[in-house]
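In: Give me a 3D structure for the following:
(chains A and B)
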Amino acid sequence: MNAPSAARRLGAVLAILLSTLGLLMPPVAEADSAAVGDLHVAQTLGGRELTVILRRVTGVPGPLHVDVITHKGTAAGRLDLAVVPTGVSTSASAASVSGTTVDTAAVALSGRPGTCSAVLDVTRAGPWELSLSDGNRTATIPFIVPKQLTSPPETAVYLGFSGAGVLLLVTLLVAVRARRGWWTLVPGGALVACLAVAVTGALLSSRLPPPPSQGGQVDATIDGVDDPYAYSGQRIGDYSRPPGTLLLSSSTTRAGEVADVRLALSDASTGLPLDDVVVHDGALLHLLVVGPSGQLWHLHPIRTGAGVFEVPLSLPEGGHYAVSAEFARRGGGVQQLRSATGIDAVPATGRTTTGSRPEVAARTTAGDLQVGAGARTVADVQVRLSASSLVAGQAAVLSARVGDTATLQPWLGMLGHLIVVGPLAPEAAVGTATQNAQVWAHSHSMGAMPDRTHDTSGTDGTAHAPGMGPHSPSPGLDPDMPGMGGLTSVNGDSTADETVAAYGPDICFVHTFPAPGYYRIWIQAERGYTVLTVPYLLHVTGTVEKRP
Amino acid sequence: MSRRFLVAAVVLAATLLTALSVHALWAPWPGAARPASDAPRGAITLTGGTARDMVILTVSAPVTGSTALDVRLVPRGGTATGGPAPVVMVSAALPTAGHAVPDCTAVRAPDGHYHVAALPLMMPGRWQVLVTVDGDGHRDRLVFPLNVPR
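Out: Numbering: from 1, shown residues only, chains lettered A, B, ... in the order given. Below you'll find the predicted structure:
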């Protein structure tokens, strides 16, 4: 054996070993499907309405950036934050710190609206809880720290093409060095096998269903988040769970006093605490309260226990208050539960008033709300509403211009919220009328409607509000769907938060009123870190008879 | 000699690559979880925790039917408080089907173990084993997701 041939053999062996070593190394590419954007959670903590944003965790162990967005009027103070891993695992070491506080931080709220930030360390992937405390109340927000994953077909693609590349070199080497040509078939066959594996993986990668979402569709575990493919369990078509039941801690309170309203959610089938609420529309739970004079509260109670949510509420006057809650359970599907009792507020004089009394009805609705669309001024912002096709059974288009500049901020992930209750008697106390109303709807707006699909000429008998011209898209945004840029998540990208004041001023809702009659509606939008709530009273006519 | 060496290396590399490819395709579905060393054959051991205890749940037969369960409490810090022993309740629910089983008070055994003789898991699915630890003025509720195969 001469020296050059020994060197060539050594080189070939080294090439094979290096290629094998390369295949043993884990691939660094990550699946798009594993990417998770920021988590926005609105929280009514004490007297503060906060938006807590848990920024995307890109690696564990690593930092979790938490931004707390405050609004105009939010009191200065301090929030104590803590993170607790909550998952279970088949590995005792992986779950050894479950239930214990891993890291803490403090956030100083300055009293000016805007963002305050903190950074906490998370040590591993899996289910966690973030707690926020203002000293009197503690909110807990469940969340998942994801792991960047590569699906099995993608792994096959990486390995297959890597192996094919190496085997191509080996095949060339063998073809040059071997005295008999058929030896080339050995690495050549392996090369074909590798290519077959890679191509098969590539074709399968887009067709194989992903495993059920940990925390979104099934209960998350540490093992499941680490490797959802291994712990996917049976694939079923429907992960949804039964509806819930809403219990209020008390159906009476005293007007003018701050009282903690406690909402207990339970599973309507088993009666067990309903503790699988997931964040939807930027909150764990949306609480809507309608008061006797047409006041609307849209709050986000904090989670204080398994299926228990609490919110402080000060009801300004005696009368009946209708209550509903919106939430989504793990497995999919948003639920709206209307409290069968609502809340009766006892006035300070000690005399209980009910909304059904005529004198109360007259007092609480005394002529402050004209029927129809038009202009209103709320918090020094003029809101102009036009409504077309206010016919039962037909899609009505409600277009609102909030202010005159494109400075709306997304609130709860949307540019506008529309709350609808009715049909109801326009002169009745609103709380009682809402309690008995057949419709209690909640619609959203993601911006203005493109002009070519929306005839705002008011030919259906409802004219534009004075001063409203044709809608124009916000500058720099998609002209086809004005106002939607950055509000929808694409490929797991994070959506715009409330610090982005670049939307509007036009927002549009499309809602089909199912029956004729009078409807109370409230339009909500955020501008200047203030959530504006604008009430209207609309009359929906009966179905238009078609002429023969 | 040199040819044999070359052939052996090539065959070894091809075999290794094929094995790795097969492994990459099939390894992500390893199946069942690992039981504890002292658990019965086929059992699953899941570990969770509260601020006070590490809670180790062993399900003897995680299949459709009745199964025995063992709950072990390991106090944080290594030693239990001097008060009375906690009361451990075990239940289970299948959320997607709306099924629940009656609460069982686990029988206390030495070394922080609590035993339930039979917990009925009447159908396959993703169950929740609910463990409630009541003691020392606190009530902790833990949910152990458990996949019961068909």
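In: measure the residue of chain B found nearest chain A to B:Gly125 for me?
Out: Residue nearest to chain A within chain B: B:Gly98 (2.8 Å; C-beta to the nearest C-beta). Every residue, glycine included, has its C-beta placed from N, CA and C. According to C-beta to C-beta, to the nearest Å, B:Gly98 stands 11 Å off from B:Gly125.
In: ditto for A:Thr377
Out: 55 Å.
In: what about A:Ala325, helix or strand, and which?
Out: strand A:319-329 (DSSP states H and E).
In: Please export the C-alpha coordinates of that strand as PDB.
Out: C-alpha atoms of strand A:319-329 as PDB (Å, rounded to 0.1, in the frame of the first residue of the first chain):
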ATOM      1  CA  GLY A 319     -82.200  49.300  38.800                       C
ATOM      2  CA  HIS A 320     -81.600  46.200  36.900                       C
ATOM      3  CA  TYR A 321     -78.300  45.400  35.100                       C
ATOM      4  CA  ALA A 322     -78.200  42.700  32.500                       C
ATOM      5  CA  VAL A 323     -75.000  40.600  32.400                       C
ATOM      6  CA  SER A 324     -73.500  38.400  29.700                       C
ATOM      7  CA  ALA A 325     -70.100  36.700  29.300                       C
ATOM      8  CA  GLU A 326     -68.200  35.600  26.200                       C
ATOM      9  CA  PHE A 327     -65.400  33.100  26.300                       C
ATOM     10  CA  ALA A 328     -63.900  30.200  24.400                       C
ATOM     11  CA  ARG A 329     -63.200  26.800  25.800                       C
END
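In: what element comes up after that strand heading to the C-terminus?
Out: strand A:334-338.
In: For chain A, which helix extends over the most residues?
Out: Assignment by DSSP state H gives helix A:152-177 as the longest helix of chain A.
In: Could you give the residue of the stretch 301-450 of chain A that lies closest to chain B?
Out: A:Ala306 (5.6 Å).
In: Torsion angles phi and psi at that residue?
Out: The phi/psi pair for A:Ala306 (degrees, to the nearest 10) reads phi -70, psi 110.
In: correct me, but it touches A:Asp267?
Out: No. If you go by C-beta atoms under 8 Å, A:Ala306 and A:Asp267 don't touch, sitting 11.2 Å apart.
In: before we move on, back to that, what about the residue of chain B closest to chain A, how many residues nearby?
Out: 16 (other C-beta atoms under 10 Å in any protein chain shown).
In: residues contacting the closest residue to it other than its chain neighbours?
Out: Spatial nearest neighbour of B:Gly98, excluding adjacent residues (C-beta to C-beta, 6 or more residues apart in numbering or on different chains): A:Ser269 at 2.8 Å. Shown in contact with A:Ser269 (C-beta atoms under 8 Å, 6 or more residues apart in numbering or on different chains): A:242, B:98-100.
In: among these, which ones are buried?
Out: The neighbour count (16 or more other C-beta atoms under 10 Å in any protein chain shown) marks A:242, B:98-100 as buried among those.
In: Let me have those residues in JSON lines, adding pLDDT, secondary structure and distance to A:Pro228 as columns.
Out: Shown next, in JSON lines, are these (pLDDT from 0 to 100; DSSP: H, G, I helix; E, B strand; the rest coil; distance: C-beta to C-beta, whole Å):
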{"residue": "A:Pro242", "pLDDT": "94", "secondary structure": "coil", "distance to A:Pro228": "24"}
{"residue": "B:Gly98", "pLDDT": "93", "secondary structure": "coil", "distance to A:Pro228": "25"}
{"residue": "B:His99", "pLDDT": "94", "secondary structure": "strand", "distance to A:Pro228": "25"}
{"residue": "B:Ala100", "pLDDT": "95", "secondary structure": "strand", "distance to A:Pro228": "26"}
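In: just so I have it, where are all the helices in the chain?
Out: I went with chain A, as the question did not name one. Under DSSP H, chain A gives helices at A:3-24, A:152-177, A:185-205, A:222-226, A:358-364, A:430-436.
In: Oops, wrong one, chain B.
Out: Going by DSSP H, chain B shows helices at B:2-26.
In: Report the residue ranges of every domain in it.
Out: According to automatic domain parsing, chain B comprises the domains B:1-30, B:44-148.
In: and for A:Ala306 and A:Asp267, which residues touch both?
Out: A:Pro273.
In: higher neighbour count, the two?
Out: A:Asp267 (22 against 16).
In: For the more buried one, which residues are in contact?
Out: Per C-beta under 8 Å, 6+ apart, neighbours of A:Asp267: A:241-242, A:244-245, A:273-274, B:93, B:95, B:98.
In: can we see that at 6 Å?
Out: A:242, A:274 (C-beta atoms under 6 Å, 6 or more residues apart in numbering or on different chains).
In: Figure out how far stretch A:294-311 is from the centre of its chain.
Out: 16 Å (C-alpha atoms, centre = their mean, to the nearest Å).
In: Low-confidence stretches in the chain?
Out: Reading this off chain A. Within chain A, the ranges that satisfy pLDDT under 70 run A:1-36, A:349-368, A:450-485, A:489-492, A:544-548.
In: wrong chain, I was asking about chain B
Out: Ranges of chain B meeting pLDDT under 70: B:1-3, B:6, B:10, B:13-14, B:17, B:21-40, B:79-82.
In: The residue nearest to A:His40 when sequence neighbours are not counted: neighbouring residues, count only.
Out: Counting by C-beta to C-beta, 6+ apart, A:Gly282 is the residue found nearest to A:His40 once chain neighbours are left out, at 4.5 Å. Look at A:Gly282: counted by other C-beta under 10 Å, it has 22 neighbours.
In: Double-check A:Gly282 against A:Leu39; I have them as touching.
Out: No. At 9.1 Å, A:Gly282 does not count as touching A:Leu39 under the criterion of C-beta atoms under 6 Å.
In: What separation do you get for A:Leu280 and chain B?
Out: Careful, residue A:280 is His and not Leu. Per C-beta to the nearest C-beta, to the nearest Å, A:His280 is found 17 Å from chain B.
In: Was I right to think that residue contacts A:Arg330?
Out: No. Counting by C-beta under 6 Å, A:His280 sits too far from A:Arg330 to count as a contact (10.8 Å).
In: quick one, which of these two is more surrounded?
Out: Neighbours per residue (other C-beta under 10 Å) separate A:His280 from A:Arg330, with A:Arg330 holding more: 24 against 19.
In: residues near the closest residue to A:Arg303 other than its chain neighbours, how many?
Out: Take A:Arg303 and drop its neighbours on the chain: the residue closest to it by C-beta to C-beta, 6+ apart is A:Thr140, 5.2 Å away. Counted with other C-beta under 10 Å, residues neighbouring A:Thr140 total 17.
In: Equivalent analysis for A:Trp411, please.
Out: Quick note: A:Trp411 (other C-beta under 10 Å) scores 28 neighbours.
In: Point me to the residue of chain A nearest chain B.
Out: For chain A, C-beta to the nearest C-beta, closest residue to chain B: A:Ser269, 2.8 Å.
In: quick one, phi/psi of that residue?
Out: Per degrees, to the nearest 10, the backbone of A:Ser269 is at phi -90, psi -50.
In: swap in A:Gly318?
Out: phi -70, psi 150.
In: sorry, back to before: could you list every helix and strand that the strand holding A:Ala325 packs against?
Out: strand A:286-290, strand A:334-338, strand A:343-346, helix A:430-436 (3 or more C-beta pairs under 6 Å, 6 or more residues apart in numbering or on different chains; DSSP states H and E).
In: Could you identify which of the ones you listed is most buried?
Out: helix A:430-436 (a mean of 26; mean count of other C-beta atoms under 10 Å in any protein chain shown).
In: so what secondary structure elements neighbour that helix?
Out: Helices and strands touching helix A:430-436, by 3+ C-beta pairs under 6 Å, 6+ apart, are strand A:286-290, strand A:319-329.
In: Let me have those in TSV, adding distance to B:Ala117 as columns.
Out: As requested, the helices and strands packed on helix A:430-436 are exported to TSV (distance: least, C-beta to C-beta, whole Å):
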stretch	distance to B:Ala117
strand A:286-290	44
strand A:319-329	32
